[in-house]
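Asker: Got a sequence here, can you build the structure:
(3 chains)
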Amino acid sequence: MSAREHTQGRAGRLRETTLGEIAQAVGGTVEGDGAAMIRGAMPIERAGPDDLTFLANPRYAKALATTRAGGIVVGEGVQADGHNLIRVTHPYLAFARALTLLVQPALPEPGIHAGAHVHPGATLGAGAAVMAGAYVGARCVLGPGTIVFPGAVLLEGVVCGADCHLYPGVVVREDCRLGDRVILNPNVSIGGDGYGFAQDGARHVKIPQIGTVEIGDDVEIGAGSTVDRAAMGATTIGRGTKIDNLVMVGHGCTIGEDVLIVAQSGMAGSATIGDRAILAARAGVLGHLTLGAGTLVYSRAHVTKSTPEGAVVSGNPARPHKEQLRRDALLARIDQLNERVAQLERRVGKQDEQK
Amino acid sequence: MSAREHTQGRAGRLRETTLGEIAQAVGGTVEGDGAAMIRGAMPIERAGPDDLTFLANPRYAKALATTRAGGIVVGEGVQADGHNLIRVTHPYLAFARALTLLVQPALPEPGIHAGAHVHPGATLGAGAAVMAGAYVGARCVLGPGTIVFPGAVLLEGVVCGADCHLYPGVVVREDCRLGDRVILNPNVSIGGDGYGFAQDGARHVKIPQIGTVEIGDDVEIGAGSTVDRAAMGATTIGRGTKIDNLVMVGHGCTIGEDVLIVAQSGMAGSATIGDRAILAARAGVLGHLTLGAGTLVYSRAHVTKSTPEGAVVSGNPARPHKEQLRRDALLARIDQLNERVAQLERRVGKQDEQK
Amino acid sequence: MSAREHTQGRAGRLRETTLGEIAQAVGGTVEGDGAAMIRGAMPIERAGPDDLTFLANPRYAKALATTRAGGIVVGEGVQADGHNLIRVTHPYLAFARALTLLVQPALPEPGIHAGAHVHPGATLGAGAAVMAGAYVGARCVLGPGTIVFPGAVLLEGVVCGADCHLYPGVVVREDCRLGDRVILNPNVSIGGDGYGFAQDGARHVKIPQIGTVEIGDDVEIGAGSTVDRAAMGATTIGRGTKIDNLVMVGHGCTIGEDVLIVAQSGMAGSATIGDRAILAARAGVLGHLTLGAGTLVYSRAHVTKSTPEGAVVSGNPARPHKEQLRRDALLARIDQLNERVAQLERRVGKQDEQK
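Answerer: You can find the predicted model right below:
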């Protein structure tokens, strides 16, 4: 199996097009041969004559000397003589759009496939598809173009907007609601019971979780992540928010719009995350806190206090990042501090002797 | 879609009742109008005239002035003139019980649904249900009232007690056993192979994992969590223990009764957790350790040594919490310590000069 | 239910054999009764007269005085009079092989079971099985002896080698490739979309993930883990690598051969992990780094820089383990350092007074 075959595993899904057609679609200018055929895409150092690639990070500029790419999406001011270019203002964004043009997703036939389990009380929009082995319960509503992949399960009363992709193993429990173009990657769990118990002596008595989950338009959630239903009311995830794999969103959380939450992060119950906040990998947020809009939480930070708008925090417990950096620098010199104290002890001891 | 509709997503499941009926069921006393109709439940600041709510935390007492709740479960000594109250000793516990009365879970019809895969050698108790798309293997036994939701899979020889709920995506592998009233939330994995390998030079040779998993009565496990089967013998989880989402229980662990294990925690192989222990979020316990009954492990603590009964530990590596607090306080003043040393250096330098 | 029944939950799967037959299979020498019947296996302190056990760790040698085991696999130099022994050079490895002999896995009938969903364009090798409720898409190829358990889903174009076990809840998305003898435990997600977005003002625009995942021979992945497909090219996991539960492998990672990755670890996009590296529990590796062959990453280490071959690192951020130990020792004495500074201040103050 050659490297080429690896990368062309999805070749059946890629469509041929010309550099010129791509340039037009992404609002860029061709420099070089606009008729060059493009049949795939690869990182710059591995791209071949059929591949489109891009250069967004100047760190990779030296790859221009050796790349065999058939076309390169570049920003202003990049010199790349002898290459076929698409010049744009935001090369990475333009490349993302070019890929959308190149990739022909292999969508299933619309309708209820043989072997699907769809309750007669469910409603499917035009072009929606429920594939074999999937389950769609009573009172469910699937918007136009929404696809429920094999093995995905929607219990009763789930409402999905248009063009959602619910991949295999996805579970959406009763009465949760999804907006349009929501992507749930494999084995995502939406609407499991929140973790709530009352004490009866040493025993833990379950608080029935009678709330739901509400997910906005253009949200994507990564494989294996879990979003619990609220005890009462709804756990909400705002429009455009992107959640990575194995993230835990506790019951009653309110996640804003355009938020990024990187892998293995977790939010305890009733936390509020402001719009455009970013939680790097393995960040944790305690329950009932509010993170202001645009808060940036560094990787592994453990947030124990609410943050103002635009806060930048790191560490455990999380503190303003600059403060944490200063503290880390001091801790990194703990051996020198120790040595300075030892030296002082020697000098002071000598002074005592001299008396 | 109004806020009301969100919260009433499960309205089909809520039943109407009177404040008086609820008071009687939870052993409380009505103050006000016992005939008031209750049709839902909400947090105190969002409750409307049809909703029951509760006040357990004095922090929220000021909400009494503005809440529109139709009924409030309160403890002794709370003043709330003009509201319909149910007065009890333990308001949160009573509220949990009231919710059980209010919520009418939408249970499936008993029996084997069309589209379910049930081996003829499996046995179902009275009222047990296996829904479309679920799989129940040979020699499986389902106790009365147990529900296997769509997409849940029980491989051969799995034994479940009465009134268990196995939600979609749940997997229970061969020969594992569950007690009564066990709740497994979506995509929980029970009985996967433990992580055990012997070295053969640089290669890792799999140790067949021939043990099982045993789960006691009234255990609940959160979405996406995994409990591995033992290499030999059984991984066990004691009665009444509640495990949150994305928790990892290694092979051969012995978890006691009434234990709480919060999200994203992990226990390595053959760890023993005593009864009524609490592991806060993202706690970790190394293999082969024993945590004494009632041990409290703070969030993110990394437990590397066994603990006595009633221990309270935090930090990485975990140490007694008081010691950790003292240490943290000193580390938080590292800049001051640094400054004090600098000052000493100046003073001692001056003394040297003066000689 | 007796303890015996617990451990014999899988008795239907264990086959009877003699100590002599086992010794021959593992290349060991019998000391004692080679005709002794073996019907199971247990840890040394719980083994009965029908059970095989082993002694690899001298810590457990005192158990020899009391064990009732029917046979014990031991290394050179162990004295165990009165016991039936199999003496070998590597007892743990030999025991692993003995278990393989003892355990008769309950394999399903070959072929496509009733209730399985197999696209007519899929190809099954001799002895391959697709069980009820499983899904195998168009263009899929299953090697001889490969088993797709109930509820597992292979989307179109997935290629599996021989003798793979894809347990319930496993998802392998489009065009990913698995070698021979790959074991995917319950609810593993292979080929979900990587986490890649371009900025368009405040909005995040999805980068289509057109790459795949390539998994080598003899790889095992634990329950609930996720391996994302590459943006372009392939995410690869080398031969013989063993991954534990709830691990996150980001898009475009290149994991070497015979690597061990323990539970709840995570690797960000495009990280490269060298052959025979070991990542202990909850290790984290930032994106685009390269860990040299044989690197050992301690539990909870947060690797922020590439490592040379054979590196041993720990801490957050990770540094050479010896350096981290020294630093930890100094930090552990922060209270003494504080006291020493206080004492210096008193002495220097006294000297000032004396002037």
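Asker: what comes up buried for the biggest helix by length in chain A?
Answerer: Ranked by residue count, the top helix of chain A under DSSP state H comes out as helix A:334-354. Neighbour-count burial for helix A:334-354 flags A:334, A:337-338, A:340-341, A:344-345, A:347-348, A:351 (criterion: 16 or more other CB atoms under 10 Å in any protein chain shown). Using the backbone N, CA and C atoms, a C-beta is placed for each residue, glycine as well.
Asker: Then stretch A:125-134?
Answerer: A:125, A:127-134.
Asker: can you list the residues that contact that stretch?
Answerer: Under the contact criterion CB atoms under 8 Å, 6 or more residues apart in numbering or on different chains, stretch A:125-134 has outside partners A:107-118, A:124, A:136, A:141-153, A:162, B:133, C:117, C:133-135, C:153.
Asker: 6 Å instead?
Answerer: Here stretch A:125-134 makes contact (CB atoms under 6 Å, 6 or more residues apart in numbering or on different chains) with A:108, A:110, A:112-113, A:115-116, A:118, A:136, A:142-152, C:117, C:135.
Asker: Mind giving me the ChimeraX command for buried ones among these?
Answerer: Selection command for ChimeraX covering only the buried members of the contacts of stretch A:125-134, criterion 16+ other CB under 10 Å:
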select /A:108,110,112,113,115,116,118,136,142,143,145,146,147,148,149,150,151,152 /C:117,135
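Asker: Which of the contacts of stretch A:125-134 fall in strands?
Answerer: Among the contacts of stretch A:125-134, the residues falling in strands (DSSP state E) are A:112, A:118, A:136, A:142, A:147-148, C:117, C:135.
Asker: coming back round to it: check which helices and strands the longest helix of chain A sits against.
Answerer: Packing partners of helix A:334-354 (3 or more CB pairs under 6 Å, 6 or more residues apart in numbering or on different chains; DSSP states H and E): helix B:334-354, helix C:321-332, helix C:334-354.
Asker: Direction-wise, compare that helix with helix C:321-332 and give the angle.
Answerer: Inter-element angle recorded for helix A:334-354 and helix C:321-332: 50 degrees (by axes from the mean of the first three to the mean of the last three CA atoms, to 10 degrees).
Asker: next one: helix A:334-354 to chain centre, how far?
Answerer: Distance of helix A:334-354 from the chain centroid (CA atoms, centre = their mean, to the nearest Å) equals 53 Å.
Asker: Now the nearest residue to A:Val73 once chain neighbours are set aside, what are its backbone angles?
Answerer: With CB to CB, 6 or more residues apart in numbering or on different chains as the criterion, A:Val73 has its nearest non-adjacent residue at 4.1 Å, and that residue is A:Phe54. Main-chain torsions, A:Phe54, degrees, to the nearest 10: phi -150, psi 160.
Asker: pLDDT below threshold where in the stretch 51-200 of chain A?
Answerer: In the prediction, the stretch 51-200 of chain A carries no residues with pLDDT under 70.
Asker: who in it is up against chain B?
Answerer: Contact residues, the stretch 51-200 of chain A versus chain B (CB under 6 Å from any CB of the partner chain): A:117, A:135, A:153, A:169, A:171, A:175, A:187, A:189, A:192-193, A:195, A:197-198, A:200.
Asker: now with 8 Å?
Answerer: A:117, A:133-135, A:137, A:139, A:151-153, A:155-157, A:169, A:171, A:173-177, A:187, A:189, A:191-193, A:195, A:197-200 (CB under 8 Å from any CB of the partner chain).
Asker: could you flag which of those residues are buried?
Answerer: Buried members of those, scored by 16+ other CB under 10 Å, are A:117, A:133-135, A:137, A:139, A:151-153, A:155-157, A:169, A:171, A:173-177, A:187, A:189, A:191-193, A:195, A:197-198.
Asker: before we move on, back to that, what's in contact with the longest helix of chain A?
Answerer: A:330, B:334, B:337-338, B:341, B:344-345, B:348, B:351-352, B:355, C:326-327, C:330-331, C:334, C:337, C:340-341, C:344, C:347-348, C:351.
Asker: ok, now stretch A:87-104?
Answerer: Against stretch A:87-104 from outside (CB under 8 Å, 6+ apart): A:10, A:13-15, A:17, A:21-22, A:25-29, A:31, A:38, A:40-41, A:52, A:54-56, A:73-76, A:78, A:86, C:197-200, C:205-208, C:210.
Asker: Mark which of these are part of helices, please.
Answerer: Filtering the contacts of stretch A:87-104 for helices - DSSP H - leaves A:21-22, A:25-26.
Asker: Now rank these by neighbours and give me the top one.
Answerer: Counting neighbours by other CB atoms under 10 Å in any protein chain shown, A:Ile22 comes out on top of those with 25 neighbours.
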